[in-house]
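Engineer: Turn this into a model:
(one chain, ligands or ions: 1)
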Amino acid sequence: ADPLTKDNINKALKTAFDKYKGLQEGKNADYIPALAKVDSSIYGIALITTDGKVYTVGDIKSEVSIQSISKVFTLAMVMDQSGTRAIFDNMGVDATGQVFNSIVAIEQYQGAEMNPLVNAGAITTTSLVDGKTYDEIWGKIEKKYNEFAGRDLKVLDDVYQSEAETNQRNRAIAWLMSAYGHIKTDPLRATDIYTRQCSVGVNAKDLAMMAATLANAGKNPVTGKQVTKAENVPEVLAVMATAGLYDDAGKWLYKTGLPAKSGVGGGLIAVSPGKFGIAVISPPLDVAGNSVRAQNAIADISNALGGNPYDVS
Ligand code: GLN
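Structural biologist: Residues are numbered from 1 along each chain as shown. Alright, predicted model coming up:
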């Protein structure tokens, strides 16, 4: 029997929501000052199937900054624009085994063995978006995110300002990627556009819609728009599987089999190809920078619904 029935999905969502509601582990990111002030109790779950049905539980109104989850959608955009080879050849697609803003990982192979989901690779990916001016590039990114989410998203200005004032480390990363020839445009402009893309506000439903679009071969299952090329989605998902939860990506894949991506704002998305996209928002993070409740809830829900693509039993 197909486990993806309305009753099964609602039950899986509610069970996981209740089970982890009291879980108090982890804490908000605070290296970006604005993130420390976000309400830690925000907790919402959304699952959207590839036939466009939306299931939610908890807080799906509150917005947090998308942060590193944005890396996935800029990646898809650059693949559409320049082909999957452009990413492979520039920064690589391997896990670094280091934290997301590692300098050591850049130095080891002069920036050639990164991936688009850690900061060095992500800022480089943003630098690859075609456009003459800052506004032209930003406009393309914004439009693409809106199409993935199926509504117009907005930058959370306090988060943007706060990170822009404190992102010296990312600027250093961008200069290194420039020094090694990976970033060929102004590295500070690329860093600033990257910082802006990380500050886009999303709720749990927005994130689930973005994930469901990937689950549905790049076509938003609710608006029906083909947002990104279907042929590139397998590569996007492969990088998510490899590096979506940074140095804990292996542990995550072992538990769920799902391509996923976390952000330090507290969001986590996961994709069950052909079946559903799921997202949870809960700001407290573990030491690797991944939301504690979100990891637990998504693993339980997906496993209850047969979401693991490696499990055909
Ligand atoms: N904007 C954040 C940074 O660059 C994103 C990090 C994250 O979500 N892991 O540090």
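Engineer: Let's check: the centremost residue of the protein is which one?
Structural biologist: For the chain, the residue nearest the mean C-alpha position is residue 69 (1.9 Å; C-alpha atoms, centre = their mean).
Engineer: so that one touches residue 270, yeah?
Structural biologist: No: using C-beta atoms under 8 Å as the test, residue 69 is too far from residue 270 to be in contact (10.8 Å). Heads up, the C-betas are built off the backbone N, CA and C, glycines and all.
Engineer: that older thread, quick one: contacts for the residue nearest to the centre of the chain?
Structural biologist: Residues near residue 69 by C-beta atoms under 8 Å, 6 or more residues apart in numbering: 202, 207, 210, 261, 262, 263, 265, 267, 268, 269.
Engineer: Likewise for residue 101?
Structural biologist: 118, 119, 169, 170, 173.
Engineer: The first one: neighbour count?
Structural biologist: A count of neighbours around residue 118, defined by other C-beta atoms under 10 Å, yields 25.
Engineer: isn't it right up against residue 244?
Structural biologist: No: contact criterion C-beta under 8 Å: residue 118 and residue 244 do not qualify, at 10.3 Å.
Engineer: Report pLDDT for the nearest residue to residue 198 once chain neighbours are set aside.
Structural biologist: Nearest in space to residue 198, with sequence neighbours left out and distances taken as C-beta to C-beta, 6 or more residues apart in numbering, is residue 67 at 4.9 Å. Per-residue confidence (pLDDT) for residue 67: 98.
Engineer: Report the separation between residue 67 and the ligand.
Structural biologist: Distance, residue 67 to the ligand, by C-beta to the nearest ligand atom, to the nearest Å: 3 Å.
Engineer: Got phi/psi on that residue?
Structural biologist: Dihedral pair for residue 67: phi 50, psi -130, per degrees, to the nearest 10.
Engineer: my guess is it meets residue 269, correct?
Structural biologist: No: using C-beta under 8 Å, residue 67 makes no contact with residue 269, being 11.5 Å away.
Engineer: Kindly check the end-to-end length of stretch 220-240 for me.
Structural biologist: Separation of the first and last residues of stretch 220-240 by C-alpha to C-alpha, to the nearest Å is 19 Å.
Engineer: ok, and for it, which residues are buried?
Structural biologist: Neighbour-count burial for stretch 220-240, counted by 16 or more other C-beta atoms under 10 Å, picks out 220-223, 227-229, 232-233, 235-237, 239-240.
Engineer: contacting residues around that stretch?
Structural biologist: 48-52, 54, 72, 75-77, 79-80, 84, 87, 93, 115-117, 144, 147-148, 150, 209, 212-215, 217-219, 259-261, 271, 273.
Engineer: Please pick the buried ones from these.
Structural biologist: Buried by 16+ other C-beta under 10 Å: 48-50, 72, 75-77, 79-80, 84, 87, 93, 115-117, 144, 147-148, 150, 209, 212-215, 217-219, 259-261, 271, 273, out of the contacts of stretch 220-240.
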